[in-house]
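[1] return a 3D structure for these sequence lines:
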Amino acid sequence: MDTVSAFDFLHSLFMLKSLLGAEFGNSGKSDRPTLSMQEYVLMKKASEAKSGNADLTGIREFLAISKAAVSQMLSSLERRGLINREVDPQNRRNLILSLTSTGRIALKEKSVEVDQRIAEIISYMGESDALQFTAIIEKMNDALKASSENRRSL
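    Predicted coordinates:
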């Protein structure tokens, strides 16, 4: 049976990261503002929030990014005219996010693009392999989290 070398494993991870970035990055095909995948997820979650009260902590955890990164993304999206943000008058610790009409169009376009690309990948891989791949990635994430926690506890 073949054994996986650490270098081959690492190379596969870098290739996956690079290909995912290329596949789900900004397409540049439109005159409209393009969205990164992280911006897409943030806007999608914000559009689904009740009363515009987006769960920024949940978004941050979903994207596995820092508070500062979320704040920078919000500033960028607001500067580009894709979202509006206001302080919640009922709870000043919360932000109310709303998509502008330009933001709704950009989100809709990105949603179609993402859905098509994912459907193509799943079609190529097959449903069974796609499910297995998802399970392997989840297992890898768990292993990396456990490893990180072990290092912190030392």
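
[2] contacts, neighbours, all on C-alpha from now
    OK.

[3] biggest helix in this structure by residues?
    Counting residues, the longest helix found in the chain (DSSP state H) is helix 127-153.

[4] what comes up buried for that helix?
    Residues of helix 127-153 classed as buried: none (neighbour count, 16 or more other Cα atoms under 10 Å).

[5] stretch 70-90 now?
    V70, M73, L74, L77, E78, L82, I83, N84, R85.

[6] what's the answer for stretch 90-110, then?
    Neighbour-count burial for stretch 90-110 flags L95, I96, L97, S98, L99, G103, R104, A106, L107, K110 (criterion: 16+ other Cα under 10 Å).

[7] dump the residue contacts of the last one.
    Contact analysis of K110 by Cα atoms under 8 Å, 6 or more residues apart in numbering lists T34, L35, Y40.

[8] among those, which ones are in helices?
    Among those, the members falling in helices (DSSP H) are Y40.

[9] quick one: least confident of the contacts of K110?
    On pLDDT alone, T34 ranks lowest of these, at 80.

[10] what ranges does the protein have for its strands?
    83-87, 95-99 (DSSP state E).

[11] any chance of these in JSON lines, plus distance to K50 and mean pLDDT?
    Formatted as JSON lines, the strands of the chain follow (distance: least, Cα to Cα, whole Å; pLDDT from 0 to 100):
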{"stretch": "strand 83-87", "distance to K50": "14", "mean pLDDT": "90"}
{"stretch": "strand 95-99", "distance to K50": "10", "mean pLDDT": "88"}
